[in-house]
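J.: compute the structure for the input listed below.
(one chain, ligands or ions: 2)
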Amino acid sequence: MDFINVMMGEHKAIRRMLKVMRKACLDVFERKPVDYSDFHKIIDFIRGYADRHHHGKEERLLFDCMLKELGPVADTLIRHGMLVEHELGRLHVKDMEEALERIEQGSEEHKVDLIANALAYTYLLGRHADKEDIAVYTYALRNLDEASLAELERQCSELERNAEKEGVQEKYLGLLNKLEQKYGVI
Ligand SMILES: [Fe+2]
Ligand SMILES: [Fe+2]
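T.: Ligands and ions are numbered 1, 2, ... in the order given. This is a model prediction of the structure:
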């Protein structure tokens, strides 16, 4: 299924941004000169690409289909696992943004909150993407019926095309490349 390959490819891009985040946090920790606007760019990537574009496909298409078709196992896996982790990720990003605003107002203390939430997000999303690649997507491919998989393929490719027209992938993958070069994490 091509849509699963697309989503696993998005996990790879997200993992690359997690490395940038870790390096940017290390610069804050080591008191190097830090361009805090990069953290705003990272937050934009997380919200626009990892959450709206990628988690949007999971929540509105794949997970929704699994919940309707696969019974209690999917219910536990999705509702009490994956969706809870998506929400926890959003909370870390909100707390990161609040810490960032306080730093920009002159607070030194909030640098620890920025680092704590940014790193917590990297641990969470790294494990989350691994679980989806190894267990959740595989379970969906093995257990959803052929017609449902074909419909998911159609909906996902339509969504991808629309996002391409809006320049979503180009914008965020371009930003990722720039930040990787800037932080030397290629
Ligand atoms: Fe997810
Ligand atoms: Fe995912």
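J.: just give the number of residues close to residue 82.
T.: Neighbourhood size, residue 82 [other C-beta atoms under 10 Å]: 22. Just so you know, the C-beta spots here come from the backbone N, C-alpha and C atoms, and that holds for glycine as well.
J.: show me the helices in this protein, by range?
T.: Using DSSP state H, the helices of the chain run over 2-29, 37-45, 56-57, 63-69, 71-74, 83-104, 110-131, 137-143, 146-166, 168-183.
J.: would you format those helices as CSV with mean pLDDT and mean neighbour count included?
T.: CSV is the format used below for the helices of the chain (pLDDT from 0 to 100; neighbours: other C-beta atoms under 10 Å):
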stretch, mean pLDDT, mean neighbour count
helix 2-29, 97, 17
helix 37-45, 98, 18
helix 56-57, 96, 17
helix 63-69, 97, 17
helix 71-74, 91, 13
helix 83-104, 98, 17
helix 110-131, 98, 18
helix 137-143, 96, 15
helix 146-166, 97, 14
helix 168-183, 98, 16
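J.: now render the ones you listed as a markdown table, adding distance to ligand 1.
T.: Formatted as a markdown table, these follow (distance: least, C-beta to the ion, whole Å):
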| stretch | distance to ligand 1 |
| --- | --- |
| helix 2-29 | 9 |
| helix 37-45 | 16 |
| helix 56-57 | 9 |
| helix 63-69 | 8 |
| helix 71-74 | 14 |
| helix 83-104 | 6 |
| helix 110-131 | 6 |
| helix 137-143 | 10 |
| helix 146-166 | 14 |
| helix 168-183 | 17 |
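J.: just the pLDDT at residue 1, thanks.
T.: For residue 1, the pLDDT comes out at 66.
J.: so for the protein, the centremost residue is which one?
T.: Taking C-alpha atoms, centre = their mean, the centroid of the chain lies closest to residue 50, which sits 3.0 Å from it.
J.: tell me the spacing between that residue and residue 57.
T.: 11 Å (C-beta to C-beta, to the nearest Å).
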